[in-house]
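*Asks:* sequence and predicted structure, then a few things I'm wondering about:
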Amino acid sequence: MKRIECLEAIYDELAGCAVVTIMGAVAVELYSLGHRPNFFYLEHAMGLASSMGLGIALSQPERKVVVLDGDGSVLMNLGGLTTLARYAPGNLTHIVFDNQSLLSVGGFPTATATGSDLAGVARAAGIERAGTVTGLEEFRAAAVAAIDTPELACLVAKVEPVGPSSFHMDLHLLENRFEFQRALRPDPQGDPTP
Amino acid sequence: MPVSERHSKLVYDALVAAGVEVVSALPETWLVHLIRLAEDDPGMILVRLAKEEEGVGISAGAHLAGRRSAMLMQNHGLLQSVNGIVSLAQLYKIPLLMLISDRGHLGEPDPWQTAGGRATRPVLDALGIVTDELSDPATVQLQVARGMTLAQASLAPVALLLTRDLMWEALG
């Protein structure tokens, strides 16, 4: 299973959500499918995408929030899983693409390559709805259900360690930041008032 | 415990008056009353952290989602958060009001606080973060309000150091 196939499989589902991705392949591949104002690509600060997602989810409980994370980033903020579990916002879905490597810096193996089980860590941290998927259809069904269900979920998707040929994105990070902030403002249809 | 309840309440009320709706915190002795006040306030979203750097992410998310926030941490929490401050708050121009207990200075009895005490101001200076000290209860509300105003206007972190003079009631 490739990460970009997973992203394609849930792309339509992300339309109404606040989406926070990590840097590197996840950001570039989602961007390559078609950027939307409700997509924020955290181009550094590894580990904090899930914390940002929590901040958004608690601030706007009516808005669905999806964090697209990676094994390397989650390993930098394992304690954050306990914070997610503690507040367990039902509008937050944490998807972790686990390719068992730090792909964009040369593919060095992470600890998931030697047996660390991130879904197991998440479950032990207190996130009851946590699991691992390895097949595309299984991923699609689990991710869509997680986004649609008002319960915090952590879904680990085992993906191949392959990424895009280029990491270039024609979107300055500040442009992305201000556009995303504007997209989270309440709309006339009655989105939550921040 | 000689941590000042009265001054903690002053600081908390100043945060509320400055429009803070989200507080992230990791407990330390000087912050116990402040955290309890946040916990007891139904209008406040309190996020208890495992490690202080998470608070930068919480504040960034809150800001982009339209809420004002503050971080409550010890100066060692500041040291722990430096990468998040640089590569999220500063890189992405996120206002970040940081209330930092200023451990490790005159009167500090705990040896383990002293190295961090010496490093705090030089690190804030190196990061180019505007810093002020909260020492006088009479000016706390104004300083917090101005700190928030500057953070919001500059889209940058602002550090308010909670000093022993303000937070500690016992002489010594």
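*Replies:* Great, that's in hand. Numbering: from 1, shown residues only, chains lettered A, B, ... in the order given.
*Asks:* how many neighbours does A:Ala111 have?
*Replies:* Counted with other C-beta atoms under 10 Å in any protein chain shown, the neighbours of A:Ala111 add up to 13. (C-beta placed from N, C-alpha, C; glycine too.)
*Asks:* again, but for A:Leu92
*Replies:* With other C-beta under 10 Å as criterion, A:Leu92 counts 29.
*Asks:* how close does it sit to B:Gly84?
*Replies:* Between A:Leu92 and B:Gly84 the distance is 19 Å, computed by C-beta to C-beta, to the nearest Å.
*Asks:* surely B:Val20 touches B:Pro95?
*Replies:* No: taking contacts as C-beta atoms under 8 Å, B:Val20 lies outside contact range of B:Pro95: 11.2 Å.
*Asks:* give me the common contacts of those two.
*Replies:* Applying C-beta atoms under 8 Å, 6 or more residues apart in numbering or on different chains, one finds that B:Val20 and B:Pro95 are jointly contacted by B:Met148.
*Asks:* name every strand pairing with the lowest-mean-pLDDT helix or strand in chain A and say which way it goes.
*Replies:* In chain A, the helix or strand scored least confidently by mean pLDDT, DSSP states H and E is strand A:101-102, which has a mean of 93. Under the criterion DSSP bridges, strand A:101-102 sits next to strand A:108-109 (antiparallel) in its sheet.
*Asks:* what's the first helix or strand after the partner strand?
*Replies:* On the C-terminal side of strand A:108-109, the closest following helix or strand by DSSP states H and E is helix A:118-125.
*Asks:* from the contact counts, what lies against that next one?
*Replies:* With contacts taken as 3 or more C-beta pairs under 8 Å, 6 or more residues apart in numbering or on different chains; DSSP states H and E, helix A:118-125 sits against helix A:71-75, helix A:78-87, strand A:92-98, strand A:129-133, strand A:153-158.
*Asks:* could I get the CA-only coordinates of that helix as PDB?
*Replies:* Output of helix A:118-125 as PDB, limited to C-alpha atoms (Å, rounded to 0.1, in the frame of the first residue of the first chain):
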ATOM      1  CA  LEU A 118       2.500   2.800  17.300                       C
ATOM      2  CA  ALA A 119      -1.200   1.700  17.400                       C
ATOM      3  CA  GLY A 120      -0.300  -0.400  20.500                       C
ATOM      4  CA  VAL A 121       1.400   2.700  22.000                       C
ATOM      5  CA  ALA A 122      -1.700   4.800  21.200                       C
ATOM      6  CA  ARG A 123      -4.000   2.200  22.800                       C
ATOM      7  CA  ALA A 124      -1.800   1.900  25.900                       C
ATOM      8  CA  ALA A 125      -1.800   5.700  26.100                       C
END
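*Asks:* now that helix: average pLDDT?
*Replies:* Mean per-residue pLDDT for helix A:118-125: 98.
*Asks:* can you point out the buried residues in that helix?
*Replies:* If you call a residue buried by 16 or more other C-beta atoms under 10 Å in any protein chain shown, then helix A:118-125 has these buried ones: A:118-119, A:121-123, A:125.
*Asks:* I'd like to know which of the helices and strands packed on helix A:118-125 is closest to A:Ala57.
*Replies:* For A:Ala57, the closest of these is strand A:92-98, at 4.1 Å, according to C-beta to C-beta.
*Asks:* give me the contacts around the closest one.
*Replies:* Contacts for strand A:92-98 (C-beta under 8 Å, 6+ apart): A:3, A:6, A:26, A:50, A:53-54, A:57, A:64-71, A:74, A:84, A:112, A:118, A:122, A:127, A:132, A:143, A:146-147, A:152-159.
*Asks:* how far off strand A:153-158 does that strand point, in degrees?
*Replies:* For strand A:92-98 against strand A:153-158, the angle by axes from the mean of the first three to the mean of the last three C-alpha atoms, to 10 degrees is 20 degrees.
*Asks:* in its sheet, which strands sit next to strand A:92-98, and in what direction?
*Replies:* For strand A:92-98, pairing defined by DSSP bridges yields strand A:65-70 (parallel), strand A:153-158 (parallel).
*Asks:* now the residue nearest to the spatial centre of chain B: phi and psi?
*Replies:* For chain B, the residue nearest the mean C-alpha position is B:Leu99 (1.2 Å; C-alpha atoms, centre = their mean). B:Leu99 adopts backbone torsions of phi -100, psi 120, taken as degrees, to the nearest 10.
*Asks:* isn't it up against B:Ala14?
*Replies:* No: using C-beta under 8 Å as the test, B:Leu99 is too far from B:Ala14 to be in contact (9.7 Å).
*Asks:* center of chain A, which residue is that?
*Replies:* Nearest to the geometric centre of chain A sits A:Leu68, at 1.3 Å (C-alpha atoms, centre = their mean).
*Asks:* contacts only, for the residue lying closest to it once chain neighbours are set aside.
*Replies:* Among residues not flanking A:Leu68 along the chain, A:Thr21 sits closest, at 4.3 Å (C-beta to C-beta, 6 or more residues apart in numbering or on different chains). Applying C-beta under 8 Å, 6+ apart to A:Thr21 gives the contacts A:27, A:30, A:39-42, A:49, A:67-69.
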